[in-house]
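Q: mind folding the following:
(chains A, B and C)
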Amino acid sequence: MSESNALLEAGEMIAEQLDEIYQLLFERFGPQHWWPGETQFEIITGAILTQNTNWANVEKAIANLKSAGCLTAEGLYRLDLSQLAELIRPAGYYNIKAKRLKNFINRLFDNYAGNLTNLESVDTDKLRVELLAIKGIGHETADSILLYAFNRAVFVVDAYTARVAFRHGLIEPDSDYEQLGELFQSHLPSDTKLFNEYHALLVKVGKEFCRREARCSGCPLEKLPHTPDIEYF
DNA sequence: GACCAGGCACATC
DNA sequence: GATGTGCATGGT
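A: So this is what the prediction gives:
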């Protein structure tokens, strides 16, 4: 067999494994209905607030912003930093997240007239670069915004994604964010709906079965080859 | 009381 | 370039 054929075959095997994982997760957990948020702006705000934070706490902060009538671009824009920090307090890291939200909103007003609609026509790669240029928006937050707020076919990688991929031997333990994203992007059809559901399902199974003390018993991926005692993070 | 949660930027070596 | 640390609330 030629080298290129071997690579092709390896790629097909990975694609099959990724598909099997998805099928098993979906059969068990069903549709996850992500992103939980009513508006595009709410999704973006939630993506920043949920950084290293339990979603339940984010919901409280979002509710505060809603009650204050500030869950819009204009609303956040007119709040000063300390007011904003106080409203998002339940989400933790409130001082730094207030700055991050302001960084985003200021960029939106400076470059796009404060209107998210003006971002719709921006090419996905360019939009990602723009988002990553904002201090406080890293890879995961940028990709979450691209996928869930702008419906771009971008695979979101997070700690759970890494754990599942490592445990099932799909990638080397020292792989970085880009390599993990590539693993999924290059072996799955470029389908927004699929990426949406797949990431949400990985978070779901990660929360229930892939914590540090691996509880593989009952995990929908239990029958697949895995190494529960692998060291990561 | 310890540990964790849908990260990120920055300091230091 | 890799590793360590601050940021902070609320649930289990």
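
Q: can we go C-alpha only for contacts and neighbour counts from here?
A: OK.

Q: how's chain A carved up into domains?
A: Domain assignment of chain A by automatic domain parsing yields the ranges A:3-30+A:155-209, A:40-149.

Q: least reliable of those by average pLDDT, please.
A: Among the domains of chain A, domain A:3-30+A:155-209 carries the lowest mean pLDDT, a mean of 92.

Q: which residues of chain A lie near DNA strand B?
A: When proximity is defined by CA under 7 Å from any atom of the strand, chain A lies next to DNA strand B at A:34-36, A:46-47, A:50-55, A:93, A:132, A:134-142, A:144, A:158-159, A:203, A:207, A:211-212.

Q: among the residues you listed, the buried ones, what's the PyMOL command?
A: Selection of buried members from these for PyMOL, criterion 16 or more other CA atoms under 10 Å:
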select buried, chain A and resi 35+46+47+50+51+55+132+134+136+137+139+140+141+142+144+158+159+203
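
Q: could I get the domains of chain A as JSON lines with distance to residue A:226?
A: Compiled in JSON lines, the domains of chain A are given as follows (distance: least, CA to CA, whole Å):
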{"stretch": "domain A:3-30+A:155-209", "distance to residue A:226": "4"}
{"stretch": "domain A:40-149", "distance to residue A:226": "25"}
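
Q: indicate which one of the ones you listed is closest to DNA strand C.
A: Of all those, it is domain A:40-149 that lies closest to DNA strand C, at 3.2 Å by CA to the nearest atom of the strand.

Q: the helix or strand harbouring residue A:143 near DNA strand C at all?
A: Take DSSP states H and E as the rule and residue A:143 turns out to sit in helix A:139-144. No. Judged by CA under 7 Å from any atom of the strand, helix A:139-144 stays clear of DNA strand C, getting no closer than 14.5 Å.

Q: right, and the helix or strand after that helix?
A: Toward the C-terminus, helix A:139-144 is succeeded by helix A:159-167 as the next helix or strand (DSSP H and E).

Q: list the contacts of that following helix.
A: A:171-173, A:180, A:199, A:202-203, A:206-207, A:210, A:226-228, A:230, A:232 (CA atoms under 8 Å, 6 or more residues apart in numbering).

Q: tell me the most packed of those, by neighbour count.
A: residue A:202 (25 neighbours; other CA atoms under 10 Å).

Q: so where does it fall, helix or strand?
A: Residue A:202 belongs to helix A:192-209, assigned by DSSP H and E.

Q: that helix vs helix A:159-167, what angle?
A: With axes from the mean of the first three to the mean of the last three CA atoms, to 10 degrees as the basis, helix A:192-209 and helix A:159-167 are set at 80 degrees to each other.

Q: how far away from the center of its chain is helix A:192-209?
A: Offset of helix A:192-209 from its chain centre (CA atoms, centre = their mean, to the nearest Å): 9 Å.
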